[in-house]
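*Asks:* model the following, please.
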Amino acid sequence: MPNDTSEMKHAALWLIGPDMPGLLRMGSEFVARRGGNIDKDIADKFGEKAVVFMSITAAPADIQRMDAEKDQLKKITGCGVVFQPMNQPTVPDGYRPDLHGFDIVTDDAVGLIAEITGLIDSFGMMIVGHTGEQRTIPGPRRQVKSGQKFVVMMPNDFDAAGFNYKMHELVKRYNGQVVTTLRPVPGLLWWW
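*Replies:* Numbers count the residues shown, from 1 in each chain. This next block holds a predicted model:
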């Protein structure tokens, strides 16, 4: 019989090292063979190096076992391994429990993410998740566009109209568009 979900604990696993075929598979098998479930994973490549991140849910004993046996994963992958047991995330005082997100695409520019995160900070929001990537748009005039997705927690007193106005103004300056305006997103805090 599966564990009661109220008994489940969380952990984060990072693999950082030389890229190779099967790296994500080796990390996934390590977690699965020790009773863990992967809620979210991200893999990326930087030159000859790779970074793999996994958000894990498992029974407390399985989390302890993964932590104790992480050096086995280091040996088979040749990567640096960081395994961090985590507490269940909580909603800070003064913030709404529901998550909101928005998605924008703009010209790529130095300082773009700093400016967006500055705007988010000025409205008292907390970033729970962010994914950003550069995309090359083919055509007679090749363009590099920057796609940004943010998931945030909003304070109880929040000026949504003011934030959306400022976001549209910012995006216009970077020749972009707001693909999805600030809206509620499904899911649990831990997943983002």
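
*Asks:* so what sits opposite the most centrally placed residue in the chain in the bridge?
*Replies:* In the chain, the residue lying closest to the centroid (CA atoms, centre = their mean) is Gly129, at 4.5 Å. With DSSP bridges as the criterion, Gly129 is bridged to Val151.

*Asks:* cool, and Leu13?
*Replies:* With DSSP bridges as the rule, Leu13 is bridged to Met54, Phe83.

*Asks:* quick one: Asp62 is in a helix?
*Replies:* Yes: using DSSP: H, G, I helix; E, B strand; the rest coil, the secondary structure at Asp62 is a helix.

*Asks:* which SS state does the nearest residue to it once chain neighbours are set aside fall under?
*Replies:* Among residues not flanking Asp62 along the chain, Gly35 sits closest, at 3.7 Å (CB to CB, 6 or more residues apart in numbering). Any C-beta I mention is one placed from the backbone N, CA and C, and that applies to glycine too. Following three-state DSSP, Gly35 is assigned to coil.

*Asks:* cool, and the one 4 residues further on?
*Replies:* Under the three-state scheme (three-state DSSP), Asp39 adopts strand.

*Asks:* excluding chain neighbours, give the residue nearest to it in space.
*Replies:* Nearest one to Asp39, counting by CB to CB, 6+ apart, is Ser55 at 4.5 Å.

*Asks:* does the one you found really touch Asp41, like I thought?
*Replies:* Yes: with contact defined as CB atoms under 8 Å, Ser55 reaches Asp41; the gap is 7.3 Å.

*Asks:* between the two, which has more neighbouring residues?
*Replies:* Ser55 (18 against 15; other CB atoms under 10 Å).

*Asks:* now the more buried one: how far from Lys75?
*Replies:* 23 Å (CB to CB, to the nearest Å).

*Asks:* and for the strand or helix carrying Gly162, what are the contacting residues?
*Replies:* Using DSSP states H and E, the element containing Gly162 is helix 160-173. Applying CB atoms under 8 Å, 6 or more residues apart in numbering, the contact partners of helix 160-173 are 102, 104, 106, 115-116, 119, 123, 125, 154, 177-178, 181-182.
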